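A.B. asks: Next input, structure requested:
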Amino acid sequence: MVFLTRNPQEQDRRRISLVAAAVGLLSCLLEGKSMESAFEEAQEQQEKKIRERTKELLKTNESLEVRILEHQRTEEALRGSQKNFSTLLNSIDGIIWNWI
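C.D. replies: Residues are numbered from 1 along each chain as shown. Below is the predicted model:
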């Protein structure tokens, strides 16, 4: 590297300035890599949370589907009981009128 001044102090100052600029540039580059790796880590954490939440939601959904089936069976059983009770009441009504 050629410096255009003959003054040794001026040359040293320019060298120091160039070294400082190089260190600053290197620091920026390393910080950029650090920021990139921090971003990747944050993204991985978010993806992990999404996977965990999806797993929880699937489990909850399965549980709800089981409960829905149980409710449907109960509803069918109640309808059957209601039909039997209605038939019984209609029969008693006919018996009472026949008895009188």
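A.B. asks: Under the pLDDT cut-off, which ranges of this protein? List them.
C.D. replies: Under the criterion pLDDT under 70, the flagged ranges of the chain are 1-6, 33, 93-100.
A.B. asks: So for it, the centremost residue is which one?
C.D. replies: With distances taken as Cα atoms, centre = their mean, residue 50 lies nearest the centre of the chain, 2.7 Å away.
A.B. asks: so it is in which element?
C.D. replies: Counting by DSSP states H and E, the element that carries residue 50 is helix 8-99.
A.B. asks: how far is that helix from where the chain is centred?
C.D. replies: Here helix 8-99 is found 4 Å from its chain centre; the criterion is Cα atoms, centre = their mean, to the nearest Å.
A.B. asks: Distance of residue 35 relative to residue 28?
C.D. replies: The spacing between residue 35 and residue 28, counted by Cβ to Cβ, to the nearest Å, is 10 Å. C-beta: built from backbone N, CA, C; applies to glycine.
A.B. asks: my bad, should have said residue 81
C.D. replies: Taking Cβ to Cβ, one finds residue 81 at 78 Å from residue 28.
A.B. asks: Ok, residue 41 next?
C.D. replies: Residue 41 is 20 Å from residue 28, where distance means Cβ to Cβ.
A.B. asks: cool, and residue 51?
C.D. replies: From residue 51 to residue 28 the distance is 35 Å (Cβ to Cβ).
A.B. asks: Please apply the same query to residue 92.
C.D. replies: Distance, residue 92 to residue 28, by Cβ to Cβ: 93 Å.
A.B. asks: Repeat that for residue 63.
C.D. replies: With Cβ to Cβ as the criterion, residue 63 and residue 28 are 52 Å apart.
A.B. asks: and if you look at residue 71?
C.D. replies: 63 Å.
A.B. asks: Relative to the whole chain's centre, how far out is stretch 7-17?
C.D. replies: The chain centroid and the centroid of stretch 7-17 are separated by 57 Å under Cα atoms, centre = their mean.
A.B. asks: what number of residues lie near residue 14?
C.D. replies: 15 (other Cβ atoms under 10 Å).
A.B. asks: go on, residue 11?
C.D. replies: Using other Cβ under 10 Å, residue 11 has 14 neighbouring residues.
A.B. asks: I appreciate the help and will end here.
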